[in-house]
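*Asks:* curious how this folds, go ahead:
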Amino acid sequence: MEIRLFGTLILLLGLLTCPVSAFELDTSVDDDIRKTYDSSKLEHERLPDLPSTLATPSQQVKSGTQQSLPPVSAYTTLTPVPKSDIKTDFSGGSAKISKQTPLGGDSYTEICIKKGTKFKVKSQTKVSDWNSAGAGMTFVSTVPVTKRYVSFPTGTVFKGIIEESNPPTYGGNGGSLKLKAKSVYIDGAPHPIDGKIVRANDKFVFFNNIKGKRGYAKGMSKQVKKGDAFYKKSRKLSSKLASNPVGIIVSPIPTIVGFVGYGANLIISPVTAIWSKGEHITLPAGTSYTIKLRQDSLIYK
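*Replies:* Residues are numbered from 1 along each chain as shown. The predicted structure follows:
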């Protein structure tokens, strides 16, 4: 233990008494630079004075190739639309832009017709489930509608198409039509819209599906009528047999058979009605409709 302590003291003493090591720097490079360059000249050297005026756009910039700025006449400024160009005439049975919206100087007007807007119209085209999908049709409004910056007077023209057309099918289903309003004419020009039919001839239209009369109940009634006719014939036969002294014994048999036949037709009528079809759907020109927008429609003018 004493030996270790003695060794540690000797080591500390040696560290305190030995001189600090220093690195010797090579200054030969600095001497070569001083011989080659005169630093006093660099200190007294001054840069050239700045030009008193900047170069005009018409002056050429010389940097290998000559370039020039475009003349001032090449730049144009926007001018506002004169009030005389804003149309306010609502005659002619077409919707009209009544006011220009401020859009920061843009050269067009944007008008939004909100989703859910309704238009009462009458068709000028006869349509039925005999028509194929994609056939066009025309509507004319019967009640004016006024919105911000735009008015739809009576007589505004709407264009539409038949989206779907289905003939009567088995199961008693009648024919069906799906109609769609695709555009409205404003200032004589068409603008796209997305409108569905919610009423036809003052009747609600569900899921935009106008259907013909169903034939299932009619098919059941037709089958029951067959049984009723069979029963009536059997009653007549029983009456004839009863008028004969010999046939009076068997006269009840036709009535019983007719009654069984009537009951059988009544029971199977729901099954046989499956093979019946409904009626075709036909909507003549002049049919009244209500068009409802399914989404916002933007009109650019």
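
*Asks:* do a quick rundown of the strands in the stretch 51-200 of the chain.
*Replies:* For the stretch 51-200 of the chain, the strands defined by DSSP state E, counting those that start in this stretch cover 61-63, 65-67, 96-97, 110-113, 118-123, 127-128, 136-141, 145-147, 150-152, 157-166, 176-186, 189-200.

*Asks:* now the ones you listed in JSON lines, with mean pLDDT?
*Replies:* Formatted as JSON lines, the strands of the stretch 51-200 of the chain follow (pLDDT from 0 to 100):
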{"stretch": "strand 61-63", "mean pLDDT": "46"}
{"stretch": "strand 65-67", "mean pLDDT": "50"}
{"stretch": "strand 96-97", "mean pLDDT": "60"}
{"stretch": "strand 110-113", "mean pLDDT": "88"}
{"stretch": "strand 118-123", "mean pLDDT": "97"}
{"stretch": "strand 127-128", "mean pLDDT": "96"}
{"stretch": "strand 136-141", "mean pLDDT": "97"}
{"stretch": "strand 145-147", "mean pLDDT": "91"}
{"stretch": "strand 150-152", "mean pLDDT": "90"}
{"stretch": "strand 157-166", "mean pLDDT": "96"}
{"stretch": "strand 176-186", "mean pLDDT": "95"}
{"stretch": "strand 189-200", "mean pLDDT": "95"}
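
*Asks:* could you export those strands as JSON lines, including mean neighbour count and distance to W275?
*Replies:* In short, each C-beta sits where N, CA and C put it, glycine included. Shown next, in JSON lines, are the strands of the stretch 51-200 of the chain (neighbours: other C-beta atoms under 10 Å; distance: least, C-beta to C-beta, whole Å):
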{"stretch": "strand 61-63", "mean neighbour count": "9", "distance to W275": "92"}
{"stretch": "strand 65-67", "mean neighbour count": "8", "distance to W275": "88"}
{"stretch": "strand 96-97", "mean neighbour count": "18", "distance to W275": "56"}
{"stretch": "strand 110-113", "mean neighbour count": "17", "distance to W275": "48"}
{"stretch": "strand 118-123", "mean neighbour count": "19", "distance to W275": "34"}
{"stretch": "strand 127-128", "mean neighbour count": "20", "distance to W275": "24"}
{"stretch": "strand 136-141", "mean neighbour count": "18", "distance to W275": "33"}
{"stretch": "strand 145-147", "mean neighbour count": "14", "distance to W275": "47"}
{"stretch": "strand 150-152", "mean neighbour count": "21", "distance to W275": "48"}
{"stretch": "strand 157-166", "mean neighbour count": "19", "distance to W275": "18"}
{"stretch": "strand 176-186", "mean neighbour count": "21", "distance to W275": "19"}
{"stretch": "strand 189-200", "mean neighbour count": "18", "distance to W275": "29"}
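
*Asks:* any low-confidence regions in the stretch 1-150 of the chain?
*Replies:* Residue ranges of the stretch 1-150 of the chain with pLDDT under 70: 1-7, 12-94, 96-108.

*Asks:* can I get the strands of the stretch 51-200 of the chain in a markdown table including distance to K226?
*Replies:* Output for these, formatted as a markdown table (distance: least, C-beta to C-beta, whole Å):
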| stretch | distance to K226 |
| --- | --- |
| strand 61-63 | 104 |
| strand 65-67 | 100 |
| strand 96-97 | 63 |
| strand 110-113 | 56 |
| strand 118-123 | 40 |
| strand 127-128 | 31 |
| strand 136-141 | 42 |
| strand 145-147 | 54 |
| strand 150-152 | 55 |
| strand 157-166 | 29 |
| strand 176-186 | 29 |
| strand 189-200 | 35 |
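
*Asks:* those strands: which one's closest to V224?
*Replies:* Evaluated over those, closeness to V224 peaks at strand 176-186, with 27.1 Å, by C-beta to C-beta.

*Asks:* next, the angle strand 136-141 makes with that closest one.
*Replies:* 60 degrees (axes from the mean of the first three to the mean of the last three C-alpha atoms, to 10 degrees).

*Asks:* coming back round to it: for the strands of the stretch 51-200 of the chain, which one sits closest to L266?
*Replies:* Going by C-beta to C-beta, the one of the strands of the stretch 51-200 of the chain nearest L266 is strand 176-186, 30.3 Å.

*Asks:* surely P167 meets E279?
*Replies:* No. Under the criterion of C-beta atoms under 8 Å, P167 is not in contact with E279, lying 10.5 Å apart.

*Asks:* pull the longest helix from this protein.
*Replies:* helix 216-242 (DSSP state H).

*Asks:* give the next helix or strand downstream of it.
*Replies:* helix 252-272 (DSSP states H and E).
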